[in-house]
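Engineer: Sequence plus predicted model, see below.
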Amino acid sequence: MSDVIVDAANVSRAFEMPAGAVVAVRDVTLSIAQGEHAAISGPSGCGKSTLLHMLGCVDTPSSGTLCFDGSDVSTLDDRARSRLRLRQIGFVFQRFYLLPMLSAAENVELPQAEAGAAKDVRRLRSIELLEYVGLEHRANHRPSQLSGGEMQRVAIARALANRPRLLLADEPTGELDQATSEQVAVLLDRVNADGTALVIVTHDPDLAGRARRVLTMKDGQIEQEVTR
């Protein structure tokens, strides 16, 4: 298995609008390797989230080539891309997107069920992950009974459910206060230290500063790259 998980070569993404095409990402070349910790920063509207969605195989480039584990994603049909995302990539979002009618444990079980895991296996894995994020005592609580920080930690546990090689986080602390943001940042650091490649889109310079590689975007392009 290659050390490079996802490899974007000269990718662009344009969206057709009534007034004409809007180019959100323009001619970006970027590779993310196994175990890497990278942050993508820049002003609102610079293309950060669009680039992240392409790296996560949620969206496909208008031009250029995106390969995951050496395979050109554009050659995969919708079902194959969905399976790739389910088994290889975890996603964490600013607004958590937990299902309100499910408990914390059931939210973590959901992607495992979609991947075909047996009920006893996914229940054990869910409790293991809730312990990992420090919320085993909240396993039976629904999202409405959790704080924002707790919901984000459940969301991280859910993202790790199928043991992804790559975790993508889009403004994971954007809805949290400073103290809670620090707790989530420490947890994400731990996930990366345990071997999962991590790419974070963030406006927060403190969160970006924790990464070993910081990419700054402007007008759809990578303007600067700093590696520590």
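Structural biologist: Ah, there it is. Note that this is a predicted model, so its numbers are computed, not measured. Residues are numbered from 1 along each chain as shown.
Engineer: Can you spell out which helices and strands pack onto the longest helix along the chain?
Structural biologist: Longest helix of the chain, by residue count under DSSP state H: helix 178-193. For helix 178-193, the packing partners by 3 or more C-beta pairs under 8 Å, 6 or more residues apart in numbering; DSSP states H and E come out as helix 148-159, strand 166-170, strand 197-201, helix 205-208. Heads up, the C-betas are built off the backbone N, CA and C, glycines and all.
Engineer: Centre of the chain to that helix, how far?
Structural biologist: In this view, helix 178-193 has its centroid 14 Å away from the chain centroid, taken as C-alpha atoms, centre = their mean, to the nearest Å.
Engineer: Likewise for stretch 191-201?
Structural biologist: Using C-alpha atoms, centre = their mean, the offset of stretch 191-201 from its chain centre is 9 Å.
Engineer: go on, stretch 70-86?
Structural biologist: Distance, centroid of stretch 70-86 to centroid of chain: 17 Å (C-alpha atoms, centre = their mean).
Engineer: Just the terminal-to-terminal distance for it.
Structural biologist: 18 Å (C-alpha to C-alpha, to the nearest Å).
Engineer: Give me the contact list for it.
Structural biologist: 2, 4, 7, 56-58, 60-61, 65-68, 91, 111, 114-115, 162 (C-beta atoms under 8 Å, 6 or more residues apart in numbering).
Engineer: Looking at those residues, which are in helices?
Structural biologist: 111, 114.
Engineer: Buried ones from the contacts of stretch 70-86, can you make that a PyMOL selection?
Structural biologist: Listed next is the PyMOL selection for buried residues among these, using 16 or more other C-beta atoms under 10 Å:
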select buried, resi 4+7+56+57+61+66+67+68+91+111+162
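Engineer: Give me the most central residue, the protein.
Structural biologist: residue 168 (1.7 Å; C-alpha atoms, centre = their mean).
Engineer: Just the pLDDT for the residue nearest to it when sequence neighbours are not counted.
Structural biologist: Residue nearest to residue 168 in three dimensions, not counting chain neighbours: residue 56, with 4.8 Å by C-beta to C-beta, 6 or more residues apart in numbering. On the pLDDT scale, residue 56 is placed at 96.
Engineer: returning to what we had before: who does the residue nearest to the centre of the chain bridge with?
Structural biologist: Residue 168 has these beta-bridge partners by DSSP bridges: residue 91, residue 199.
Engineer: again with residue 71
Structural biologist: If you apply DSSP bridges, the partners that residue 71 bridges to are residue 68.
Engineer: any idea of the mean pLDDT in the longest helix of the chain?
Structural biologist: 95.
Engineer: mind listing what's buried in it?
Structural biologist: 180, 181, 183, 184, 185, 187, 188, 191, 192.
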